[in-house]
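Peer 1: could you look at this predicted model? Sequence included:
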Amino acid sequence: MLPNRGSRLDSYRQHRNEWFKTDLDSPLDPVDREGFTGLDYFPERKDLVFDAEIDTSGDGIGERVDIPTTAGTEKTFYRAGRIHFTVDGSQATLSVFTDAKGTHYFIPFKDGTTGKETYSGGRFLDPKARPSGKLAIDLNYAYNPWCAYSDGWACPLPPEENIVEASIPAGEKVFTHLG
């Protein structure tokens, strides 16, 4: 019998922690990098992994959206559509954005864990397109923007349409600074 090598998510988290600790491009301040032992994550949830249709009905699909950032600037995205899903019995809808080329999907969001278990500025998710046209959604990969780790970053703020009441207990938790 082969030894348990952990899940793909475990490997991703180990690699991410190593990168945060050792890479000069890490968003951590030097004092935080020095004592860094790893990010805090929610346990993996298989029920928060699914393929989602991009709902392109409704207002604003395809429109340019200038999302404010933590630096007081704006970052331009385009609304590709919305995804609908259920988490712990609660319905949630999040808008999906793309870059100008339409090649990178992006979901900035706040949920019921925001400001408590997760970063007060919200979290991000980068879903991938499937050949079927659906999006591969794995909320276990929800991550904090660089602004959660140090000052000097211009991070998009989740728009009102991506603030949901449901708690999404998956992905990265709030970071506790050491310095």
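Peer 2: Done, it's in. Numbers count the residues shown, from 1 in each chain.
Peer 1: and the strand of greatest length in the chain, what does it pack onto?
Peer 2: Scanning the chain for the longest strand, with DSSP state E as the assignment, gives strand 74-87. Contact analysis of strand 74-87 by 3 or more C-beta pairs under 8 Å, 6 or more residues apart in numbering; DSSP states H and E lists strand 49-52, strand 64-68, strand 90-98, strand 105-109, strand 135-138 as its packing neighbours. From N, CA and C alone the C-beta is placed, and that goes for glycine too.
Peer 1: which intervals of the chain have sub-threshold pLDDT?
Peer 2: 1-6, 178-179 (pLDDT under 70).
Peer 1: go ahead and flag the most central residue of it.
Peer 2: Most central in the chain under C-alpha atoms, centre = their mean is F124, positioned 2.2 Å from the mean C-alpha point.
Peer 1: quick one, what contacts that residue?
Peer 2: Applying C-beta atoms under 8 Å, 6 or more residues apart in numbering to F124 gives the contacts F106, I107, P108, F109, A142, Y143, N144, P145, P156.
Peer 1: now with 7 Å?
Peer 2: Listed by C-beta atoms under 7 Å, 6 or more residues apart in numbering, the contact set of F124 reads F106, I107, P108, A142, Y143, P145.
Peer 1: possible to save those as TSV with distance to D25 and neighbour count?
Peer 2: Rendered in TSV, the data for the contacts of F124 read as follows (distance: C-beta to C-beta, whole Å; neighbours: other C-beta atoms under 10 Å):
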residue	distance to D25	neighbour count
F106	20	19
I107	24	22
P108	21	23
A142	21	24
Y143	15	16
P145	15	21
